[in-house]
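1. below: sequence and its predicted model.
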Amino acid sequence: MSRTLRCLFVLFLVLCGAVPTRAAEDRAIERGVAIIDPAILRALDQGRFGLGRMLAPERSADTPLSNRDLFRLPSMVPVRDPLDREFDRYVARHKANLPNESIGVGDGLAFQLFDRGLFDTPEIRFVLAGIVNRMDRAYVAPASCGEIRLIYRLTRTDVPLIGENAVSQRLPMTLNLVLKAKGDGNDASLSCREIARRWLATSNPPTMDRLLGTDGPLALIGEQNINRIETNLQIAHAPKSAVRDFRTDYLLKVFDYDAAAKHFAEAPMENQIDRDRIVADEGLRRDFKAWLLDPRHFAELDRGTLLIPDKFLATGAVAPTPVGFDTSDLQPEFGLLRGEGAAGQAVFSEDDVVGALNKAAADGTRLQNIQSLAGFERRLNDVTCAGCHQTRGIGGFHFPGVDWMAAKPSNSTVVPASPHFFGDQVRRRDILTSLRDGKTPDFSRGFSNRPQLRGNTELAGTEYSDGWGAHCFAPAAKPAETDRSFRGWTCAEGLACQVAAKTSRMGMCFVKGR
């Protein structure tokens, strides 16, 4: 097999879903941290965890909420309007920047838009695709003990299941209903330790009785837990043509929930740097530089626990894919570092970053990830919503979920989530275990491309860490020139790092000599 074919084959597996490697057959990586079983999700969706029951508990559980009715709910009207405005802006930017490339709904166009008419269709609805424990985010709001996420996938419901190969027609949009792990209506005596215990006590695979029983983790979840909605949709797709490579753009939005008013409102996206606005405003450039290079914030950036103030953030983002390893203007950070984008408007210089690294060393601050200019650049990208989205996703989503509406769910979607999702489960479960045991959790995380060493035993030799298809770094000929931020990104014995990006020396692990 040629090098080109090998690269394409690995890319296909990474983007379209390879069977997740398990350290042991009876120890699923997501155990105690996520619910991905299609039969369980089907039953929960048909009960009080259907989107309609969560957003409007007074509705009948026997009547699923179609898109037409969903976006007519008073709470959801403030969601639909901003989505429409984002579509209008996207089309206007396209026509201004690419006037010779057609855009619209339907085949045969250079850029094929997501059909907004689907928001008003009675035969389409969001179905529960997965439930994910994110108590590893308790550092954001300690009183809420982190988050629980109900992930819904947009799906046609008017397509009959005919034969074992028939599948329901899922559409490229997810809605993430983010809940507080400890809701405002929960018993005041309920502790983060008890919530973590309940999740870790669920069996593998979990059962309905263990999940919904009085001692189950889902018994704690209701309308009172709702915190926000996060949407991700494939706003446009550009097939490969004579003038461009294959490209798909994803629109990301966040809407906070106002419990008193009982509606959602457009909100800044966590750590989504508003690059264009910062670069264009001298005052914002100065303030952002001073804020981020403050030693405390620089250390938080390194650990992955940084929370950037709202004044520097955007309320929406378009994340193009695929991006690759090389620095480009498709990445959210591009242009903030001198040497990228417009000259004279960058926020940071190489000296700024080197100075921050030297100050951290002088102060005795132990940095885990950022050891170089390239490490700073990559970290600043992957703390953003769009930057994380672009890392090892499956068709633009980190969690598409198994299609339980298919005739045979086990055949329709082999992998419910991306390599990034599975590679992070060990870290999340480690934090959950610390919370259960009354210990101080280590909330830090590695780069999105590569799991932390805390998972090196369970993930060793898999596509997530060191195994075939894992992301890696090829050392320079001279050891002194090897980038310190990535020198630990190695391949297991018998594998070699095949460079995909010469400028960054990033690549994937392959069998030697093949």
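-> Thanks, I have it.
2. what number of residues lie near the nearest residue to residue 349 once chain neighbours are set aside?
-> Of all residues not flanking residue 349 in the chain, residue 338 sits nearest, at 4.5 Å (C-beta to C-beta, 6 or more residues apart in numbering). Every residue, glycine included, has its C-beta placed from N, CA and C. Neighbourhood size, residue 338 [other C-beta atoms under 10 Å]: 17.
3. show me which residues of stretch 58-71 are buried.
-> 64-67, 69-71 (16 or more other C-beta atoms under 10 Å).
4. tell me the least confident of those residues?
-> Within these, pLDDT reaches its minimum at residue 64, with 89.
5. contacting residues around that residue?
-> With contact taken as C-beta atoms under 8 Å, 6 or more residues apart in numbering, residue 64 is in contact with 50, 52, 125, 157.
6. how close does the first one sit to residue 118?
-> Okay, so that is residue 50. 19 Å (C-beta to C-beta, to the nearest Å).
7. kindly report the same for the last one.
-> Residue 157 sits 12 Å away from residue 118, taking C-beta to C-beta as the criterion.
8. what of the third one?
-> Using C-beta to C-beta, one gets 10 Å for the distance from residue 125 to residue 118.
9. spell out the secondary structure type for residue 118.
-> At residue 118 the chain is in helix, as set by DSSP: H, G, I helix; E, B strand; the rest coil.
10. so what pLDDT did it get?
-> So, for residue 118, pLDDT stands at 95.
11. the nearest residue to it once chain neighbours are set aside: neighbour count?
-> In space, and not counting its chain neighbours, residue 118 is closest to residue 124: 5.5 Å by C-beta to C-beta, 6+ apart. Look at residue 124: counted by other C-beta under 10 Å, it has 21 neighbours.
12. pretty sure residue 124 is touching residue 65, no?
-> No. Between residue 124 and residue 65 there is no contact under C-beta atoms under 8 Å: 10.9 Å.
13. if we can go back for a sec, next up, the contacts around the residue nearest to residue 118.
-> 66-67, 118, 154-158, 171.
14. out of the residues you listed, who's nearest residue 201?
-> residue 155 (31.4 Å; C-beta to C-beta).
15. what's opposite that closest one in the beta bridge?
-> residue 125, residue 170 (DSSP bridges).
16. surely it touches residue 126?
-> Yes. Using C-beta under 8 Å, residue 155 makes contact with residue 126 at a distance of 7.3 Å.
17. neighbour count for those two, which is higher?
-> residue 126 (25 against 20).
18. OK, contacts around residue 397?
-> Here residue 397 is in contact with 172, 174, 232, 418 (C-beta under 8 Å, 6+ apart).
19. distance check, the residue nearest to residue 118 against residue 71.
-> 11 Å.
20. and the closest residue to residue 94 other than its chain neighbours, how far from residue 228?
-> Nearest non-adjacent residue to residue 94, counting by C-beta to C-beta, 6+ apart: residue 103, 5.1 Å away. For residue 103, the distance to residue 228 equals 30 Å [C-beta to C-beta].
21. with residue 435 instead?
-> 22 Å.
22. give me the phi and psi for the residue nearest to residue 94.
-> Note on residue 103: backbone dihedrals following degrees, to the nearest 10 are phi -150, psi 140.
23. that one against residue 114, yeah?
-> No. In this structure residue 103 lies outside contact range of residue 114 using C-beta under 8 Å: 11.4 Å.
24. those two - which one has more neighbours?
-> Set residue 103 next to residue 114 and count neighbours by other C-beta under 10 Å: residue 114 wins out with 23 against 16.
25. report pLDDT for the residue nearest to that one when sequence neighbours are not counted.
-> Spatial nearest neighbour of residue 114, excluding adjacent residues (C-beta to C-beta, 6+ apart): residue 235 at 5.3 Å. For residue 235, the pLDDT comes out at 97.
26. and if you look at the one 4 residues further on?
-> With respect to pLDDT, residue 239 scores 91.
27. which stretches of the stretch 51-200 of the chain have low pLDDT?
-> Along the stretch 51-200 of the chain, the parts satisfying pLDDT under 70 run over 60-61, 160-168.
28. what do you get for the stretch 251-400 of the chain?
-> Ranges of the stretch 251-400 of the chain meeting pLDDT under 70: 341-344.
29. between residue 50 and residue 118, which one's more packed in?
-> Higher neighbour count among residue 50 and residue 118: residue 50, with 23 against 17, using other C-beta under 10 Å.
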